[in-house]
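> how would this look folded up:
(one chain, ligands or ions: 1)
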Amino acid sequence: MSPPPIALLLAGLAAWSGPPADDPAPLSIRGVYGGVPRAILDRGETLADYGINAVWIGSGGLRSEDIALLRSQGARVFAEFNTMHVASFVEEHPDALPIGPDGRPSPPPDGWQGICPSHPGYRTFRMAEFRRVLAAFELDGIWLDYHHAHASWERDVPLLPDTCFCDRCLNRFREQTGIDLPDGPTAEVSALLLGPHRERWVQWRCDIFTDWVRQFRRIRDETRPDALLGTFHCPWTDSDFEGALRTKLAIDLKAQAPLFDVISPMPYHARFGHADDPDWISRQLSWLGEHLGVDGSGGGRPLVWPIVQLSDWGEPVPVDQVVPVLERGSRAPATGVVVFAWGSLAQDWPKVERLGTFYREHVGKPDLGPASP
Ligand SMILES: [Zn+2]
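Residues are numbered from 1 along each chain as shown. All right, here's what the predicted structure looks like:
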């Protein structure tokens, strides 16, 4: 590939000028998730050759030299942060296992192990790690991942057990709501919580997860205030799967949204049973914009930067779908787009070429928002 025109290089450099947390202008983000796109550099090319100006890296794999390398390529660097899915924690802390309605540990659906959200030791553990990551690395932002209740939802038919009915959660619910639950067996209490007290129970659970976000935001403000706070978010509407976003995953989107700078819904069309219907992506985005009252214009927060599926997972994503998927993932209210995921994409270079063509065409285009000054 020939070197990019100087205008593209300058656009890439202009896009990297630190995160404009106070700048109301929407960002123009053309991102990849999954670490340094080293295969591009190994070919003697640059990220700008592919229009890439943002990279997400798992917080456990961050290295200062990689951040410096990406910055030298004109890219912003964002970390992904695992909130509620550090499964190894429950091995040494069995009291953090999510408890089912029968009073016994809820088996991890699909092997997906969640954590009791009221476990104080787990919360302290994650908050300390969040602070450490933000303090240690010159990040442009950090994205929460897996911030939801014990469930396997990243698939076509989600597995959504009811949790957590541990004694700690039940006692806190009693204290904080004033609802007088009987001291009987857990099965008896859980029947009341899933029955006559269901709405109070669902909201109480949602409020815990929202409060986690509030604390993450405080730590961001104290530690690296210019870094953006984002979240990789379930792409369901509030009525998909009978309202499971709130009732099962414990996500109160309207309460959480003002705490974030950026929401990155994950409309993985092929994985989630819509392999032949890329329009599903833009339908979900359109709902999100209406629900949150954001349209991608004027720089209002939260910004919406969807992460779309280009790699084969569950179902293959044919190379001819790359552009249609990116195009739908870029529609309003989106002002940026990210692709999932670099590791497998790098094994499928025709898709990378299509990605690069799309991204280059969208450098500085107003539908993705202007690059920051
Ligand atoms: Zn619990």
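
> which bits of the stretch 1-150 of the chain sit near the ion?
The stretch 1-150 of the chain comes close to the ion at residues 116, 118, as judged by Cβ under 5 Å from the ion. Bear in mind the C-beta positions are built from the backbone N, C-alpha and C, glycine included.

> tell me the contacts of whichever residue of the stretch 251-373 of the chain sits closest to the ion?
Proximity of the stretch 251-373 of the chain to the ion (Cβ to the ion) peaks at residue 251, 17.1 Å away. Residue 251 makes contact with 147, 148, 206, 209, 233, 234, 245, according to Cβ atoms under 8 Å, 6 or more residues apart in numbering.

> and what of residue 314?
155, 156, 268, 270, 271, 272.

> Quick one: list the elements packing against the longest helix seen in the chain.
Ranked by residue count and defined by DSSP state H, the top helix of the chain is helix 198-223. With contacts taken as 3 or more Cβ pairs under 8 Å, 6 or more residues apart in numbering; DSSP states H and E, helix 198-223 sits against helix 120-136, strand 141-145, helix 167-177, strand 228-233, helix 244-247, helix 253-256.

> give me that answer again for 6 Å
helix 120-136, helix 244-247, helix 253-256 (3 or more Cβ pairs under 6 Å, 6 or more residues apart in numbering; DSSP states H and E).

> Listing request: residues of the stretch 1-150 of the chain with sub-threshold pLDDT.
1-27 (pLDDT under 70).

> and the residue of it nearest the ion?
residue 116 (3.3 Å).

> measure that residue to residue 248 for me?
Going from residue 116 to residue 248 by Cβ to Cβ, to the nearest Å gives 15 Å.

> what's the answer for residue 317, then?
Applying Cβ to Cβ to residue 317 and residue 248 gives a distance of 27 Å.

> And for residue 276?
27 Å.

> And those two? Which one has more around it.
Counted by other Cβ atoms under 10 Å, residue 276 and residue 248 do not tie: residue 248 has more neighbours, with 23 against 11.

> thought the more buried one was touching residue 158?
No. Contact criterion Cβ atoms under 6 Å: residue 248 and residue 158 do not qualify, at 7.9 Å.

> Now do the strands in the stretch 51-200 of the chain.
Assigned by DSSP state E, counting those that start in this stretch, the strands in the stretch 51-200 of the chain fall at 54-58, 76-82, 141-145.

> mind putting those strands in JSON lines, mean neighbour count included?
Formatted as JSON lines, these follow (neighbours: other Cβ atoms under 10 Å):
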{"stretch": "strand 54-58", "mean neighbour count": "23"}
{"stretch": "strand 76-82", "mean neighbour count": "23"}
{"stretch": "strand 141-145", "mean neighbour count": "24"}
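
> Turn those into TSV, including distance to residue 257.
Converted to TSV, these look like this (distance: least, Cβ to Cβ, whole Å):
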stretch	distance to residue 257
strand 54-58	20
strand 76-82	18
strand 141-145	13
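
> Relative to residue 38, how far out is the residue nearest to the spatial centre of the chain?
Residue closest to the mean C-alpha point of the chain, counted by Cα atoms, centre = their mean, is residue 232 at 0.6 Å. To residue 38, residue 232 is 23 Å away according to Cβ to Cβ.

> Check residue 83 too.
For residue 83 relative to residue 38 (Cβ to Cβ), the value is 28 Å.

> Neighbour count: those two, which is higher?
The neighbour comparison of residue 83 against residue 38 (other Cβ under 10 Å) goes to residue 83, with 23 against 12.

> what residues are up against the more buried one?
Residue 83 sits next to 126, 144, 146, 147 when contact means Cβ atoms under 6 Å, 6 or more residues apart in numbering.

> Please enumerate the helices of this structure.
Under DSSP H, the chain gives helices at 6-15, 38-42, 64-72, 89-92, 120-136, 167-177, 186-193, 198-223, 244-247, 253-256, 279-292, 322-329, 342-345, 349-361.

> out of these, nearest to residue 53?
helix 6-15 (4.6 Å; Cβ to Cβ).

> Can you name the residues that contact the closest residue to residue 304 other than its chain neighbours?
Nearest residue to residue 304 in three dimensions, chain neighbours excluded: residue 333, at 4.6 Å (Cβ to Cβ, 6 or more residues apart in numbering). For residue 333, the contacting residues are 289, 294, 295, 296, 304, by Cβ under 6 Å, 6+ apart.

> For the second one, which non-adjacent residue is spatially closest?
What sits nearest to residue 294 in space, not counting adjacent residues and going by Cβ to Cβ, 6+ apart, is residue 333, at 4.8 Å.

> could you measure that neighbour against residue 265, distance?
For residue 333, the distance to residue 265 - Cβ to Cβ - is 10 Å.

> again, but for residue 121
Counting by Cβ to Cβ, the gap from residue 121 to residue 265 is 31 Å.

> With neighbour numbers in mind, choose between these two.
Between residue 121 and residue 265, counted using other Cβ under 10 Å, residue 265 has the larger neighbour count: 24 against 12.

> Mind listing the residues bridging to the more buried one?
residue 233 (DSSP bridges).

> Just give me the neighbour total for the residue lying closest to residue 224 once chain neighbours are set aside.
The shortest distance from residue 224 to any non-neighbouring residue, by Cβ to Cβ, 6+ apart, is to residue 134 (4.5 Å). Using other Cβ under 10 Å, residue 134 is surrounded by 24 other residues.

> for the one 5 residues further on, same thing?
The criterion is other Cβ under 10 Å. On that basis, residue 139 has 22 neighbouring residues.

> what's the most distant pair in the contacts of residue 251?
Every pair of these checked by Cβ to Cβ; the farthest is 206 and 233, at 14.0 Å.

> Between the two, tell me which one has more neighbours.
Set side by side, residue 206 and residue 233 give different neighbour counts by other Cβ under 10 Å, the larger being at residue 233 (28 against 22).
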